[in-house]
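> coords please:
(3 chains)
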Amino acid sequence: MSTTITTTASGYLLVLAIMWPVAGIMLSFVTSGRGVERLACVVLPVGFGIAVAVLIAVAQGGQSQIYVVGDWAPPLGIALRADGISAAMMLTTAIVMCATGLFAQGEFSQPSDLPEARSPVVFWVLLFAIWSGLNALVLGSDLFNLYVALELLTFAAVPLVCLKGQKETIEAALRYMLFALIGSVLYLLGAAMIYGAYGTLDIGLLSERVRPDPATLIAASLMTVGLLAKTALFPLHLWLPPAHAGAPAPGSALLSALVVKGSFFLIVRIWFDAMPGLLSFAAAQLLAALGAAAILVGGALALRQKRLKLLIAYSTIAQIGYLFFIFPLAAGLTAGIAWSGIAWTGGWLQLFSHALSKAAMFMAAGLIAEALGHDRIAELGGIGRRLPITMLAFGLSGLSLVGVPPSGGFVAKSLLLMATVMEGQWWWATVIIVGGLLAGGYIFMVLGRLLGSSATPLASLAPVSMRRELAALSLAICAVLLGFLPLRSSDFLQIGR
Amino acid sequence: MMTPMIASTLLASALAVPLAMMALALSRRGTGHTANLLPLAPLPALLAAMMVPEDTSVVLPQALLGLRITIDKPGAMLLGAASLLWSAGGIWARAQVRSQSQERPFTVWWLTTLAGSLGVFLAADMIGFYLFFTLVSLAAYGLIVHDDTPAAHRAAGLYVALALLGEAFLLMGFVLLAAGAPGSSLLISDAVAALPTSSWRDTTLLLIVLGFGLKMGLVPFHVWMPLTYSAAPIPAAAVLSGAAVKAGVIGLIRFLPFEAALPGWGEVLASVGFFSAFYGVGIGITQANPAAVLAYSSVSQMGFLAAVIGMGLAAGNRAAPLAAAFYAVHHVLVKGGLFLALGAASARLPRNAWLVMVPAAVLALGLAGLPLTGGQIAKLVAKGPLGDGLAGTLAQLSAVGTTLLVLHFLRRLSASAAQDSTEPPSSLLVGAWLTVAVASLVLPWMFLSTIGAASWNTVLSSEELWSASWPMLAGGLLAAVLWPWHTRLPRIPEGDVLAIGQRCLPSVFSLGATFERVDSYLRQWPIASMCVVLLVLLLTLTLAVP
Amino acid sequence: MNSATLFGLCSAALVGLGLFGLIVRPEPLRKILAFNLLGSGVFLFFGVVARRGAAAGLGADPVPQALVITGIVVSFSATALAVALVLRLRKLTDEVTSGLGAASKAQEDGDHS
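Down below sits the predicted model:
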C-alpha cells in the first residue's frame, strides 16, 4: 500500500468547482426566468474564476491538487484530483460556458406581457448541470463516482436537445438518451467487474494493482465501448447528427464542444491512469482506426449536407476521430518516450481547439439561421456581407478546424503528424492530411456561399444582436490564440502523471 | 550606414505595417476609403529591401511564436521587386475598387495576401514560412472572387482546392524536415542542412517539390492559373501572377539542399520544368483571351525557372538559388507590367494605341530575352546553372517558344483593346505601370554587379547579343509562318486538362454517395447497437493480443 | 453450484435478455423496459460481487451494496426521463394525426426539404 492520500492546500477549490454550479441550479428553482439570467451573470464569472484558480494552483504546485472527501482516504472514501489535463479541461469548459452564457442571454426570454415559459429556466439549469457534471468528471478519481458524473452529464445534455419541443427534436433526444443508456450500462458492468477483481474503484490504487487477466480486459473493453457510444465515435454516431443539429444554437455549442469530450476524457483516464500499459498495440490501432474512419466518413458526409447545422454536426464526428490518435501515438507516455509527449500535447490541443472553434461555429450558424429563417447552405448567399462579424467567427473557427496556421488546430494537427512520423505510423499521417483536405472542402464551400452574391434580398433579414455575434467571435479568436501558446506550456499537461 | 536598431525596426515594419493596416481596415474605425492604404502598405518593405544590410535578423517576441525574419540576397531582391509591383498594383486596385461597395473586404484580402507574399521572402523559420505561405495562398481567394461572377467563383473554388492540397503537401514535408533536423531547431537553414542525410529524404523532397510546384503552376498543377488570372480583376491578376507566385520559387530556393548534389531529384525537377515551359507555349498560342495567354506564359516561365533550379540541384551548384532569384525578379516586374498593360489597353483611346503597345511589346519581348533589356541579362544569368549541354539547348529553344507566345499575346492585346475603349486611364495609373516597366528594364542591370554572375561587358559582347537574338529571330519567323494558320489551331478551353478532371468528377461524387449509404446503414438502431456488442468483442480480442 | 454462481448466471441471463431487447425491439417503451432488465442484471452482478467478498476479504462486502443503491437511483432517473420523452412524443404524434397540428406538420415538411 502506498502513502495515504491527503487533501492539498488548494483542494477545497475542487469541491467548489463542482458545487458552485449546483448552487446555481438550486437558486434557479426559486427565481423567475429573467431572474435566472441575472443569476447566470454571477454564476458564470465566478465559475470561470474558480477554474482559473485551480489552473494556477496546479501550475504553481507542479503536482496534482487533491481533496479527500470527508477525510476518508480511498479505497473506502473517494478523492477528487486535479492534474494538468483536468485543470486545462476545466478552463476550456469555463471559457465555453461563459461565451455560451453571453450568447444565450435573451435567447430564451420572452416579452414581458406573456406568461412566463419554462424554457429559459430550464436552459440555464441544464447549463449549470452540464458544467457541474463536467467538472465532477474531470476531477473524479473513483470509477463509480465517475459513472455518476457521466450520468449527470447525459441527463443534462438530453433535454438540451429537445428544448424547442418539436417532434423531431424529441425523437432525436430519445434516440440519444437510449443509446447513451446502453453506454452507461456497459460502463457500469465493467466497473462492477473491476471491483469484483480488485476490491477498489480508485484510479490511483487500481494503477498499482491492475494485471492483464481476462476479467480485467473484458471489463476494460466494456467500459471503453460504453464510453465510445457516448462519445459518438464512428460507427456509434447514429444519435449525434440529429441531436446536435436539432438543439438550439447555444445547446448545440455545449453538446458539440464539451459533452462528447467528457466521455472521451474518461476513456483517456482509464487507459493512461487506471490501467497504464494494458492497452495493447492492436487495441490502440483499433481505436485509432475507428477514429480514422470517423475522419473520412464524417468529412465526406459533411461535404454532402444540405443544411449548415448538419454539416457542422458531421464535422464534429470527423473531428472527434482525431482525438483517438492519442492512443497509439502517446502509448509510450508512461515509459517516458519523448515523442509520446508530442502526441499527448497534440491530442489535447485538438480537443481544446475543437471545443472552442466548434462552439463558435454552432453559434455563428445559429445567428445565420436566425437572420435568414433557415440554414440551407445553397441559399446562404451574401449573408456574410450583412453579418461580417458572424462570418469572421465562422471563418476563423473553420480555419482552425482545417488546421490553417496560426491556430490551435494547426498546432494540434502538426504535433500529431510529427508524432506519426516519429512513431513510424505514417498511415495515420495520410488520414490526418486527407481529413484536413475534406475539412477545407466543407469550410470553403460554406465560406464561398457566405461571400457570394445574395439570392434573397438582404433587407428582409431579421436583426441579430451585436453582443451575440461578439460572443461567437471571441471563442473563435480564442481557438486561434491557442496556436500562439508557447510549446513549453505543454509541460503543464503532464502534471500529475 | 544604418544602425542595427533602425535596420531591424525597418525590417519588422515591412511585415508589421501591412498587417496593421489590415487590422485597421477590418475594424469598424477604418472608415473612409480603406483602399487608399493599398499603395502605401508595401512601401516599408521596399525601403527595407533597398536599405537594410544583408543578413540582418529580427527575432520576434515569444508571444508572436518567436518567429525569426532575416533578409538575405535572394530575399532582398525579390522583396524589392515584389513590393514595387504590389505598390503599383495597389494604385490600380485603389482606382478600380473605389466605386464599389466591396471596398473594405477587398482591402482586407489584398493586404493579407500582400503580407503573406512579402513575408515568405523574409521568413527564416519553418513556422513563419508556412504561416506567410498560407496567407498568400488562401487570402488570394478573396481577390479572385471579387468580381462575383460564376466564372470567378468557379476559378476561386478550384484555386482554393489546389492551394489546400499544396498546403497539405507542405505541412507534411515540413513536419518531416523538422523531424529530421537536429535538436529542436525550426530554422529553415538547419533543417535543410540536415536533409541530405535524413532518413526521410526522398519523401520530404517529393512533398516539398509537389507543394511548391503546385504554387508555381508546374504541369499538371497549372490548371488553376489560366482560370484564376482570367477571372480576377486586372490589378489582382497582376500581383498574383507577378509577386504571389514567387512564394513557390522562394520555397524551392530555400528548401532544396543545393549544398549536396542530388542528380536524381534535380533532373526530375528540370524535366518537369522544361515540359511545363514548352507545354505552356503550346497551349498558350491557342488561347484567345489575353489574360489566359499571359497565364500560360507564366506556366512556361515558371517551368523554365524550375528547370534552372533543378539543374542547380543536380549539380550541387550553390550559385543556382541566386540565379533563380534573379530570373524571378525579372519575371515579377515583367508579368506584373504586362497585366497592367492589359488594364491600360482596355481603357486607352484608339488613336494613341502605340502609347500602350510599344511599352507592352518591350516588356513582352523581354520575357524572351530581348537584347539590352533585363530579359537578356536574366537569360544570361540563368545559363550558369543550366550549363551548355542539353539543358542549355532546351533553354534556347524555350526562348524561341516564348517569342512565339508573346507575339501571340501582343496580337490578342491589340485586338482586345480595339473592342472596348472606355475612358482613358489617369496619368497616375499610367505612371505606376510605366514605373514597373522601367524597373523591369533597369533593375537587372543594377543587380548584375551585386550577384557577380557576369559583367556589363559580357552582356554587351557580340557573342552574347547574338545568342540572345537568334531565338527571337527564329521565334519571329515561326510566328510569321504560323500566322495564316492560327485560325486553324484547336480552341483549347482555359485550364486544358481540367476538362478531363471534370469528367472524373461524377465518379468522385458517387464515392460520396457510397459513404452516404454506408452512413445511413450504420445509423439504423439495430445495426448501431450490434456494433456496440461487436466492438466489445473486437476490443477484448485485440487487448488479448500481446 | 453455490448461490453466488447461481445468481451470477441469473445476472448474465438478465444482461443478455436486456441487450437482446435493446437491439431488436423498435418500440421506445420496450427499449426502456429492456434497459431496466439490463440494469437489474448489472445490479444483481454487484450483489454477487458483494457476496463473494472480492478482494476485501469480507463475508459480505457492504461497498457494492452502497453502489447498487446509487445505481438504482440513477437508473430510476434515467427511466423517468426517457418515459417523459416518450410521453411527450406520443402527445405530439397524436396532435399531428388528429389534425390539430396540421400547421406544425407543414412546417416540419418545410424543414425536411
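> Which residues of the stretch 251-400 of chain A lie near chain B?
A:278-283, A:285-287, A:290, A:296-297, A:300-301, A:303-304 (CB under 8 Å from any CB of the partner chain). (Glycine included, C-beta is placed from N, CA and C.)
> What is the nearest of these to A:Ala245?
Nearest to A:Ala245 among these is A:Leu301, at 12.4 Å by CB to CB.
> In chain B, what residue lies closest to chain C?
Closest contact between chain B and chain C, by CB to the nearest CB, is at B:Ser529 (4.4 Å).
> Weed out the non-buried ones from the residues of the stretch 251-400 of chain A next to chain B.
With neighbours counted by 16 or more other CB atoms under 10 Å in any protein chain shown, those contain buried members at A:278-280, A:282-283, A:285-287, A:290, A:296-297, A:300-301, A:303-304.
> Any stretches of the stretch 301-450 of chain B with poor pLDDT?
Applying pLDDT under 70 to the stretch 301-450 of chain B picks out residues B:347-352, B:417-425.
> Can you show me the strands along chain A?
A:65-68, A:79-82 (DSSP state E).
> and residue 10, what is it in contact with?
This is for chain A. A:53-54, A:57, A:61, A:65 (CB atoms under 8 Å, 6 or more residues apart in numbering or on different chains).
> Hmm, no, I was thinking of chain B.
B:Leu10 neighbours (CB under 8 Å, 6+ apart): B:2, B:44, B:47-48, B:51-52.
> ditto for B:Leu122
B:Leu122 touches B:11, B:14-15, B:69-71, B:75, B:79, counting by CB under 8 Å, 6+ apart.
> next one: A:Ala94
By CB under 8 Å, 6+ apart, the contact set of A:Ala94 is A:47-48, A:50-52, A:131.
> Apart from its chain neighbours, what residue comes closest to it?
Nearest-residue entry for A:Ala94: A:Ala51, 3.8 Å, with adjacent residues in sequence omitted and distances by CB to CB, 6 or more residues apart in numbering or on different chains.
> I figured the one you found was touching A:Ala17, is that so?
Yes. A:Ala51 lies in contact with A:Ala17 (CB atoms under 8 Å); the separation is 6.8 Å.
> hey, what's in contact with both of those two?
Shared contacts of A:Ala51 and A:Ala17, counting by CB under 8 Å, 6+ apart, come down to A:Met90.
> okay, these two: which has more neighbours?
A:Ala17 (29 against 25; other CB atoms under 10 Å in any protein chain shown).
> So the more buried one sits against A:Ile50, correct?
Yes. Between A:Ala17 and A:Ile50 there is a contact under CB under 8 Å: 5.0 Å.
> tell me the contacts of B:His146?
B:His146 touches B:97, B:102, B:106, B:109, B:152, B:232-233, B:236, counting by CB under 8 Å, 6+ apart.
> biggest separation within these, which pair?
It's B:Val97 and B:Ala152 that sit farthest apart of the contacts of B:His146, by CB to CB, at 14.4 Å.
> still on that earlier bit, closest to chain C out of the contacts of A:Ala94?
Comparing every one of the contacts of A:Ala94 with chain C (CB to the nearest CB), the shortest separation belongs to A:Trp131, at 18.7 Å.
> re earlier: which ones among the contacts of A:Ala94 lie within helices?
Of these, the ones assigned to helices by DSSP state H are A:47-48, A:50-52, A:131.
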